[in-house]
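Undergrad: Kindly return the folded structure for what I paste below:
(chains A, B, C and D)
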Number of protein chains: 2
Amino acid sequence: MEVIRNYFNQFLPLSDEEWKAFEQCLSKERIHKKEFLLKEGQVGDFIAFVAEGSMRFYVLREGEEKVIAFFFAGSFVSNYRSFLTNLPSDYYIEVLQDALIYRIRKNELVALYDQFPKIERLGRLIAENLYLMVAKRLDSFLYKTPKERYEELLAQNSRLPEEVPQYMIASYLGVKPETLSRIRARRD
Amino acid sequence: MEVIRNYFNQFLPLSDEEWKAFEQCLSKERIHKKEFLLKEGQVGDFIAFVAEGSMRFYVLREGEEKVIAFFFAGSFVSNYRSFLTNLPSDYYIEVLQDALIYRIRKNELVALYDQFPKIERLGRLIAENLYLMVAKRLDSFLYKTPKERYEELLAQNSRLPEEVPQYMIASYLGVKPETLSRIRARRD
DNA sequence: CTGATTTATTGACTTTCGTCAATGCACCCC
DNA sequence: GGGGTGCATTGACGAAAGTCAATAAATCAG
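TA: Got it, this is the predicted structure:
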């Protein structure tokens, strides 16, 4: 779990005592491809660190899957909205490649917040970071063309096309698979 | 400033001592229509509570103003990205109707975080809330048509058309003024 | 290996939004 | 009150994405 502690160090290093308390709340789990970490209607009362594998976040609208996000090894995955509000999830979290995760439940995390102010600060820093990520994604919809969004995405994660099918990338970009195919074809 | 304390009570009530410390950091300011609370290039190292008036948040892209958000009395306004990262703002915050604000600077707020864990928790809750707002707006771009976004916006704030010109609403919705005009015209 | 399924590409056509331009209206300021 | 400016609407046209359908390529299962 050293990866997780390293991840935290980016934000705020925890003392050994704080880390130990946190670590004890983590549950190690393996989930296979095509299984779901969360389904629509369930309350996503957890945050999970992805140690191996990948996942996608999507919603079903009028029979169509709309991809909201991808998650890869080295980041946290959660339906943060459902986590915060305790409302049932609108989203599915589906495992794309066999995954190893470390999961912490909300009730345990809030107990840690009460006990360790520094863990609460970490929670604030992570919430702020998530805010920045979503705000950036919103920006790309507000002033970029699908082509620019595609190039931006590749610049961030150049091996994405090998890892996820193109129709999911199209959905993530907010266009139809045919359109992404044409965007890739026309070089300009 | 009782309004602000009431606003906080939605999230987490502060003790008299905590509130007093917070209140002392607030600076009361009046800003007139067409003035700017923040301009591109400046670091938005503050959060301000809007007690009266309204504002808009916009960015200049290729000579065009793109409206990101509107702010009205009873909410906080800030370039939260610039606030968090200390990077210069890409955005302008322009006063649409003469405003009265209460402003707190970042350095004072982080000092309060160190002193009062409950104020830090408030910071976390507010960051989480901002996350939910941006995530919701992203959703509306991901799976809604301009017409649906317009109706959703009106449902949330029915007196918006009287308060801000239609071309700003169009920009906020991500369409041209002509398109919004046509969306309104066609009843279906 | 082979047939079946899924995914990607391409074409023809439709729909939606953008662009450019003209017009009309309201508001504001002297 | 008249002139000016800014804003909303409308029309004609163009550009871009969606839809539907056919086909090709890749992947998977037995």
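
Undergrad: Tell me the secondary structure of A:Gly53, please.
TA: strand (DSSP: H, G, I helix; E, B strand; the rest coil).

Undergrad: how about the residues of chain A near DNA strand C?
TA: For chain A, the contact set with DNA strand C under C-beta under 7 Å from any atom of the strand comprises A:Pro165, A:Gln166, A:Tyr167, A:Pro177, A:Glu178, A:Leu180, A:Ser181, A:Arg182, A:Arg184, A:Ala185. Using the backbone N, CA and C atoms, a C-beta is placed for each residue, glycine as well.

Undergrad: please redo it, this time with the cut-off set to 6 Å
TA: Taking C-beta under 6 Å from any atom of the strand as the measure of proximity, chain A contacts DNA strand C at A:Pro165, A:Gln166, A:Tyr167, A:Pro177, A:Glu178, A:Ser181, A:Arg182, A:Arg184, A:Ala185.

Undergrad: count of residues packed around the first one?
TA: The reference is to A:Pro165. 12 (other C-beta atoms under 10 Å in any protein chain shown).

Undergrad: how about it, phi and psi?
TA: Main-chain dihedrals, A:Pro165, degrees, to the nearest 10: phi -60, psi 150.

Undergrad: Can you tell me the closest non-neighbouring residue to A:Leu130?
TA: B:Tyr131 (5.4 Å; C-beta to C-beta, 6 or more residues apart in numbering or on different chains).

Undergrad: Could you list the buried residues of the helix or strand hosting the one you found?
TA: Taking DSSP states H and E as the criterion, B:Tyr131 maps to helix B:117-143. By neighbour count on 16 or more other C-beta atoms under 10 Å in any protein chain shown, the buried set for helix B:117-143 is B:117-132, B:134-135, B:137-142.

Undergrad: residue nearest the centroid of chain A?
TA: A:Val77 (3.8 Å; C-alpha atoms, centre = their mean).

Undergrad: just checking, that one touches A:Ala51?
TA: No. Between A:Val77 and A:Ala51 there is no contact under C-beta atoms under 8 Å: 11.0 Å.

Undergrad: and for the two, which residues touch both?
TA: In the contact map built from C-beta atoms under 8 Å, 6 or more residues apart in numbering or on different chains, the residues linked to both A:Val77 and A:Ala51 are A:Ile101.

Undergrad: list the contacts for the closest residue in space to A:Ala127 that isn't next to it in sequence?
TA: Of all residues not flanking A:Ala127 in the chain, B:Ala127 sits nearest, at 4.3 Å (C-beta to C-beta, 6+ apart). Shown in contact with B:Ala127 (C-beta under 8 Å, 6+ apart): A:Arg124, A:Ala127, A:Glu128, A:Tyr131, B:Tyr80.

Undergrad: so what's the first one up against?
TA: What it means is A:Arg124. B:Glu120, B:Gly123, B:Arg124, B:Ala127.

Undergrad: still on that earlier bit, which pLDDT value goes with the residue nearest to A:Leu130?
TA: With respect to pLDDT, B:Tyr131 has a value of 89.
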